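Asker: after the sequence you'll find the predicted model.
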Amino acid sequence: MPEALKKGRSLGRPYITLILISLHIVVSGVVLYLKSRAEAEMAYRHREMRAIEERHVYRLAWEDPETFRLPLDSLRSAIARGRVIQEKDPDFLLWLSHYQHYQSARESSPECRWGLRRKVAENTNSFRPENLLIHIFVHLDLWQLLLNLVLIWIAGSNLERGWPAHLYILAYLLSGMFSGLISVLAVRPGPGMLYGATGAASGLMGALVISYFAVPVELGPGWKLPYLTLPGGLKWKSFWLLPIWAVLAGPGAVLGWRPGLNLWPPFSGFVFGSALALAVKFLRWERLPLDPEMISRRLKLRAAAGLRKAHQLLDAGEEFAAKAVLQQVINQEPRNIDAALSLARLAEAGGDQEEAIRFYLRAIEEAVDHEPQRALPLFSEIKEHNYESRLSQRTMYTIAGMLESDGQHQEAAVLYHLLVVQFPQAMVRPKALSRLYRIYRDVFGDQDRAQRVREQLQQEHPDFPLDEAEGK
């Protein structure tokens, strides 16, 4: 198994997702600034047009009161319908200038320039193919931007751990373009415009739900989503992404379509991302960080099967084949104590002392680190073969402490003494001398040897606190 797959990428930062979020923030800031300028210009031109129209209507009403006997509200209604100013009127050119500037500001606004809409006859804001990509990065509402960024962070930071970078970026862009195309084709021609990353973010979420079916999903450092247990004991670890997606993408669908409501972007993006994830799984392009519990469970099952097979081969007298199976087991699961112990015994029986020592030491070190209850029985077996002097200083000190706690003070004293003699530069040497001193003093009552050990401790390690040596 490759090292990157065994370790996963969960400890690394999701750089691509952070860059994507930063890009959205920067682009949306520019878009909102341009939107405010366009709205200010449109508001000014609109006020000027209405002022000209009202002056024109009041002048006509003053000149021809018989014709304009309408209430003021009716006059304003007529102005709103654009039925007041005509080409023959003296203020028409000034009104037309404001009207043209108003339309120009409206056409240059981000909503009309970069929003995605269906082609409509006799409309300058018709469908533009380049807006299939551009509209993904255009947000005209801060709430829509915030919701989409949360979606991108949840889906992207997890998906980036298991997908190649180019595939991750391609999935994001294609989901947004596909959902935009489906959205403009599914609705009737009208004034509605689509903008925002709701479809693209939903595509990432759909891909995440499929890809991380059996992999824990992280919402933040150390914060993993719970899983749903299906009939048969199958765990769906990405299930709770569905309600999260619905809560975040629903308001985004409302805010990302003006005017009205369009649910096609999140649904079509989610379906496209899910289909893409299935294709990626089929083609085996993903490099998902597998669940450590699942990895451990699988390795234990394989190791148990390998050990059973090795024992069957040993019973049949095929030692060479059994050794190959055990070596395969220990390569797949380096912490397997039984496989290491079996290899050590085979090597001992075959007369290969160095290999036997290597596997015995490997077995007892794994026992000390992961299965302490097996450490002392293993040490007894190692001692029978006189291999205790080959233990590492850390393992020797730990085993001596276990023997001391188990009441085997004589064995502990021998091991402490061996450590002191064999490892003169060991970091744990002063502690070993301190424990040896207390064993001689308190357990054996040998004050002379205890005093000699104490003097040795003071002479060779003067910085070691005597209070600790005295057990205070």
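Answerer: Sure, I can see it.

Asker: only C-alpha atoms from now on, for both contacts and neighbour counts.
Answerer: Noted.

Asker: strands along the stretch 101-250 of the chain, start to end?
Answerer: Using DSSP state E, counting those that start in this stretch, the strands assigned to the stretch 101-250 of the chain run over residues 193-194, 218-220, 223-224, 228-229, 235-236.

Asker: so for stretch 117-125, what's the average pLDDT?
Answerer: Stretch 117-125 comes out with an average pLDDT of 51.

Asker: returning to that earlier point: highest mean neighbour count out of the strands of the stretch 101-250 of the chain?
Answerer: strand 193-194 (a mean of 27; mean count of other Cα atoms under 10 Å).

Asker: among the strands of the stretch 101-250 of the chain, which is nearest F423?
Answerer: Nearest to F423 among those is strand 223-224; the distance by Cα to Cα comes to 43.9 Å.

Asker: re the thing from before, got a markdown table for the strands of the stretch 101-250 of the chain, with distance to L436 and mean pLDDT too?
Answerer: Listed next are the strands of the stretch 101-250 of the chain as a markdown table, based on distance: least, Cα to Cα, whole Å; pLDDT from 0 to 100:
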| stretch | distance to L436 | mean pLDDT |
| --- | --- | --- |
| strand 193-194 | 79 | 76 |
| strand 218-220 | 48 | 68 |
| strand 223-224 | 46 | 69 |
| strand 228-229 | 54 | 70 |
| strand 235-236 | 52 | 72 |
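
Asker: format the ones you listed as CSV; extra columns: distance to H101.
Answerer: Converted to CSV, the strands of the stretch 101-250 of the chain look like this (distance: least, Cα to Cα, whole Å):
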stretch, distance to H101
strand 193-194, 22
strand 218-220, 48
strand 223-224, 53
strand 228-229, 58
strand 235-236, 57
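
Asker: from what I see, A303 and V325 are in contact.
Answerer: No - contact criterion Cα atoms under 8 Å: A303 and V325 do not qualify, at 9.7 Å.

Asker: tell me the SS of P90?
Answerer: coil (DSSP: H, G, I helix; E, B strand; the rest coil).

Asker: next one: stretch 193-206 to chain centre, how far?
Answerer: The chain centre lies 19 Å from the centre of stretch 193-206; the measure is Cα atoms, centre = their mean, to the nearest Å.

Asker: ok, P334 to Q353 distance?
Answerer: P334 sits 21 Å away from Q353, going by Cα to Cα, to the nearest Å.

Asker: apologies, that question was intended for Q332.
Answerer: From Q332 to Q353 the distance is 24 Å (Cα to Cα).

Asker: do the same with Y397
Answerer: Note on Y397: its distance to Q353, by Cα to Cα, is 24 Å.

Asker: look at these two and report which has more neighbours.
Answerer: Y397 (22 against 15; other Cα atoms under 10 Å).

Asker: how is the chain partitioned into domains?
Answerer: Domain segmentation of the chain under automatic domain parsing yields 11-108, 115-289, 290-391, 393-472.

Asker: pick the most buried one from the ones you listed.
Answerer: domain 115-289 (a mean of 20).

Asker: hmm, G29 and P110 touching each other?
Answerer: No - P110 lies out of contact with G29 (Cα under 8 Å); the separation is 11.7 Å.

Asker: leaving out the residues flanking it, which one is nearest to A200?
Answerer: If the residues on either side of it in the chain are set aside, A200 comes closest to G176, at 3.8 Å by Cα to Cα, 6 or more residues apart in numbering.

Asker: that neighbour reaches G269, doesn't it?
Answerer: Yes - between G176 and G269 there is a contact under Cα under 8 Å: 6.5 Å.

Asker: find the residues that touch each one of the two.
Answerer: Common neighbours of G176 and G269 are listed as G199, A200, A201, G203 (criterion: Cα atoms under 8 Å, 6 or more residues apart in numbering).

Asker: for the residue nearest to A200, list the residues it contacts.
Answerer: Contact analysis of G176 by Cα under 8 Å, 6+ apart lists L132, L133, I136, A197, T198, G199, A200, A201, G203, P265, G269.

Asker: now with 7 Å?
Answerer: G176 makes contact with I136, A197, G199, A200, G269, according to Cα atoms under 7 Å, 6 or more residues apart in numbering.

Asker: ok, so what distance separates it from Y212?
Answerer: 21 Å.

Asker: so where does F272 fall, helix or strand?
Answerer: Element membership of F272 [criterion: DSSP states H and E] is helix 264-283.

Asker: neighbouring contacts of that helix?
Answerer: With Cα under 7 Å, 6+ apart, helix 264-283 has contacts from 171, 175-176, 178-180, 182-183, 198-200, 202-207, 210-211, 249, 253, 286.

Asker: what residue ranges in the stretch 251-400 of the chain score low on pLDDT?
Answerer: In the prediction, the stretch 251-400 of the chain carries residues with pLDDT under 70 at positions 252-261, 284-299.

Asker: give me that answer again for 50
Answerer: 290-291 (pLDDT under 50).

Asker: residue ranges of the helices in it, please?
Answerer: 264-283, 292-315, 319-332, 337-349, 353-370, 375-384, 393-405 (DSSP state H, counting those that start in this stretch).

Asker: tell me how far the fourth one lies from the chain's centre.
Answerer: In terms of Cα atoms, centre = their mean, the gap separating the centre of helix 337-349 from the centre of its chain is 41 Å.

Asker: do the same with the first one
Answerer: Helix 264-283 has its average C-alpha position 19 Å from the chain's average C-alpha position, going by Cα atoms, centre = their mean.

Asker: again with the shortest one
Answerer: Between the centre of helix 375-384 and the centre of its chain there are 44 Å (Cα atoms, centre = their mean).

Asker: what's near enough to touch the residue nearest in space to the middle of the chain?
Answerer: With distances taken as Cα atoms, centre = their mean, N158 lies nearest the centre of the chain, 2.8 Å away. Listed by Cα under 7 Å, 6+ apart, the contact set of N158 reads V217, E218.

Asker: could you check how far it is from L376?
Answerer: Taken as Cα to Cα, the span from N158 to L376 is 43 Å.

Asker: can you check G269 too?
Answerer: 59 Å.

Asker: what's the answer for H101, then?
Answerer: Applying Cα to Cα to H101 and L376 gives a distance of 90 Å.

Asker: so L147 makes contact with A246?
Answerer: No - L147 is beyond contact range of A246, at 11.2 Å (criterion: Cα atoms under 7 Å).

Asker: what residues are shared contacts of the two?
Answerer: In contact with both L147 and A246: no residue, using Cα under 7 Å, 6+ apart.

Asker: so D446 touches Y440, yeah?
Answerer: Yes - with contacts counted by Cα under 7 Å, D446 reaches Y440, the gap being 5.3 Å.

Asker: what's the closest non-adjacent residue to Y212?
Answerer: Spatial nearest neighbour of Y212, chain neighbours left out: S238 (5.8 Å); criterion: Cα to Cα, 6+ apart.

Asker: cool, and K300?
Answerer: Using Cα to Cα, 6+ apart, the closest residue to K300 is E333 (7.8 Å).

Asker: can you check T395 too?
Answerer: Nearest residue to T395 in three dimensions, chain neighbours excluded: E365, at 6.4 Å (Cα to Cα, 6+ apart).

Asker: and the next helix or strand past the strand or helix carrying R435?
Answerer: Using DSSP H and E, R435 sits within helix 429-438. On the C-terminal side of helix 429-438, the closest following helix or strand by DSSP H and E is helix 447-460.
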